[in-house]
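Asker: Below are the sequence and a predicted model; questions follow.
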Amino acid sequence: MKFNTKTIHGGQKPDPAYGAVMPPIYQTSTYAQATPGGHKGFEYSRSHNPTRQALENAFASIENGKYGMAFGSGLAAIDAILKLLKSGDEVISTSDLYGGTYRLFTKIFENFGIKFHFIGMDNAANIENFVNKSTKLIWVETPTNPMLNIIDIKATAKIAKKHQILLAVDNTFATPYLQQPLDLGADIVMHSATKYIGGHSDLVMGALIVKDKDLADRLYFIQNASGAICGPQDAFLALRGIKTLHVRMQRHCENGKAIAKFLASHPKIEKVYWPGFESHPNHNIAKSQMKDFGGMISFVTKGNNYEDAIKVIENLKIITLAESLGGVESLCGHPASMTHASIPKEEREKTGIVDSLIRLSIGIEDEEDLINDLKQALG
């Protein structure tokens, strides 16, 4: 089954009760049993819920995995991965990553004796310099948030396999439409499904997808024992979002390309970060592991001036200043004060997150309207 068909039918079947084509919202906490333990596969909705199960099947299908898990948020999904570890274990993470992930790693799990190494992964060979007998997990974002760096998943997977280390990939920016890390050797794929998978800025959710049954069983246990699950209403909305993921991503990519080129040619722009440019350091890797280059763009105004960047942000009319990304509407963010504020300034600036950096999540509006909005804001 091809990807576009999987978004509609992957892992799905009509509801057994009445043949509903869309899985119903099973808004229930518990299920009747004929005898203790004698139920129809569902006993309590923290453990299993038919709507969530349909979504988890869809997650597995579109990522070419076997097992999917839905969580109450992307951070809840990451939290579950970290609970596979124990005190004394070490994690190698990309240094350019979502601020909430950095906060979870450093402010929560470092307190439990887990050590984190934040390193540049533009050259995957650099990872091996930090591997030791305590290394249990490699954490990758690609493209990274917000600098749009590209990490070679296949090369990283070879290192992980060589040393018997788990490799987890945050695939939020790329989505399964553009990139499928499990096929490139990753052990775990994570999504903030709040973003492109939901696609309409109306839910908060996380997802994990794996192929290995033993790993899946460990993560299912953590999901149930910790209880950070999503509700059936959000599961229903995410299922609806998946059905249009392919057509939305096509437009996100088309608009992203047009706006990246516009910004690169504008006299008031110092630098544009977008993996579709041939000048991008790992453009060829992006071409090899991604179907297209996505709708996320970051840029810095001429002079690298904070006040100028804020003026541009405040002058936008169609593109909305807001947290998050991946919705049908175009959003603008200021990473230093919003999504990455939890990372110390000196650490942010090492990876390029300066105070004048602006991040765009390009939506599916008319390309000309978006370019005109940026023109007037920059003017």
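Answerer: Structure received. Residues are numbered from 1 along each chain as shown.
Asker: For the chain, which residue occupies the most central location?
Answerer: residue 172 (1.8 Å; CA atoms, centre = their mean).
Asker: Make sure it is actually in contact with residue 198.
Answerer: No: Residue 172 is beyond contact range of residue 198, at 11.1 Å (criterion: CB atoms under 8 Å). Glycine gets a C-beta too; all of them are placed from N, C-alpha and C.
Asker: which neighbours do these two share?
Answerer: residue 326 (CB atoms under 8 Å, 6 or more residues apart in numbering).
Asker: re earlier: and the pLDDT for the residue nearest to the centre of the chain?
Answerer: On pLDDT, residue 172 comes in at 98.
Asker: How much space separates it from residue 191?
Answerer: 5 Å (CB to CB, to the nearest Å).
Asker: Ok, residue 69 next?
Answerer: Residue 69 sits 11 Å away from residue 191, going by CB to CB.
Asker: What of residue 48?
Answerer: Taken as CB to CB, the span from residue 48 to residue 191 is 21 Å.
Asker: for residue 148, same thing?
Answerer: According to CB to CB, residue 148 stands 18 Å off from residue 191.
Asker: So for those two, which residue has more residues nearby?
Answerer: residue 191 (32 against 27; other CB atoms under 10 Å).
Asker: what sits up against the helix or strand hosting that one?
Answerer: Using DSSP states H and E, residue 191 falls within strand 188-192. The contact list for strand 188-192, computed with CB under 8 Å, 6+ apart, reads 59, 63, 65, 73-74, 77-78, 81, 98, 166-172, 175-176, 180-182, 197, 205-210, 215, 219.
Asker: quick revisit: OK, contacts around the residue nearest to the centre of the chain?
Answerer: 74, 98, 141, 145, 190, 191, 192, 195, 196, 326.
Asker: The fourth one: how many residues sit nearby?
Answerer: Pointing back at residue 145 there. By other CB under 10 Å, 28 other residues sit near residue 145.
Asker: go on, the fifth one?
Answerer: Residue crowding around residue 190 was assessed by other CB under 10 Å; the count is 27.
Asker: can you tell me how far it sits from residue 221?
Answerer: Taking CB to CB as the measure, residue 190 and residue 221 are separated by 17 Å.
Asker: all strands of the stretch 201-350 of the chain, in order?
Answerer: 206-210, 269-273, 296-301, 320-321, 331-333 (DSSP state E, counting those that start in this stretch).
Asker: wait, residue 271 sits on residue 302?
Answerer: No: in this structure, residue 271 is not within contact of residue 302 by CB under 8 Å, at 9.3 Å.
Asker: okay, the angle between the strand holding residue 191 and strand 206-210?
Answerer: Orientation check (axes from the mean of the first three to the mean of the last three CA atoms, to 10 degrees): strand 188-192 against strand 206-210 gives 160 degrees.
Asker: Can I get strand 188-192 in CSV? Just the C-alpha atoms.
Answerer: Coordinates of the C-alpha atoms in strand 188-192 are reproduced here as CSV (Å, rounded to 0.1, in the frame of the first residue of the first chain):
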residue,chain,number,x,y,z
ILE,A,188,12.0,4.5,17.8
VAL,A,189,10.3,7.3,16.0
MET,A,190,8.7,10.1,18.0
HIS,A,191,6.3,12.8,16.9
SER,A,192,4.7,15.8,18.5
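Asker: So what are the sheet partners of it and their directions?
Answerer: strand 166-170 (parallel), strand 206-210 (antiparallel) (DSSP bridges).
Asker: Please produce CSV containing the ones you listed, extended by mean neighbour count and distance to residue 124.
Answerer: Supplementary listing: the strands paired with strand 188-192 in CSV, determined by neighbours: other CB atoms under 10 Å; distance: least, CB to CB, whole Å:
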stretch, mean neighbour count, distance to residue 124
strand 166-170, 25, 11
strand 206-210, 28, 21
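Asker: okay, and for the stretch 251-379 of the chain, where does confidence drop off?
Answerer: The model of the stretch 251-379 of the chain has no residue with pLDDT under 70.
Asker: for the residue nearest to residue 237 when sequence neighbours are not counted, phi and psi?
Answerer: In this structure, residue 237 finds its nearest non-sequential neighbour in residue 203, 4.8 Å apart by CB to CB, 6 or more residues apart in numbering. Dihedral pair for residue 203: phi -150, psi 160, per degrees, to the nearest 10.
Asker: isn't residue 203 right up against residue 234?
Answerer: Yes: counting by CB under 8 Å, residue 203 touches residue 234, with 4.5 Å between them.
Asker: For residue 155, which non-adjacent residue is spatially closest?
Answerer: residue 124 (3.8 Å).
Asker: Where does pLDDT dip in the stretch 1-150 of the chain?
Answerer: Checking the stretch 1-150 of the chain against pLDDT under 70 turns up nothing.
Asker: Strands of that one, residue ranges please.
Answerer: Using DSSP E, counting those that start in this stretch, the strands found in the stretch 1-150 of the chain span residues 67-71, 90-94, 115-119, 135-141.
Asker: Need the winner for burial among those strands.
Answerer: strand 67-71 (a mean of 26; mean count of other CB atoms under 10 Å).
Asker: burial of the nearest residue in space to residue 148 that is not next to it in sequence, as a residue count?
Answerer: Of all residues not flanking residue 148 in the chain, residue 273 sits nearest, at 4.4 Å (CB to CB, 6+ apart). Per other CB under 10 Å, the neighbour tally for residue 273 reads 22.
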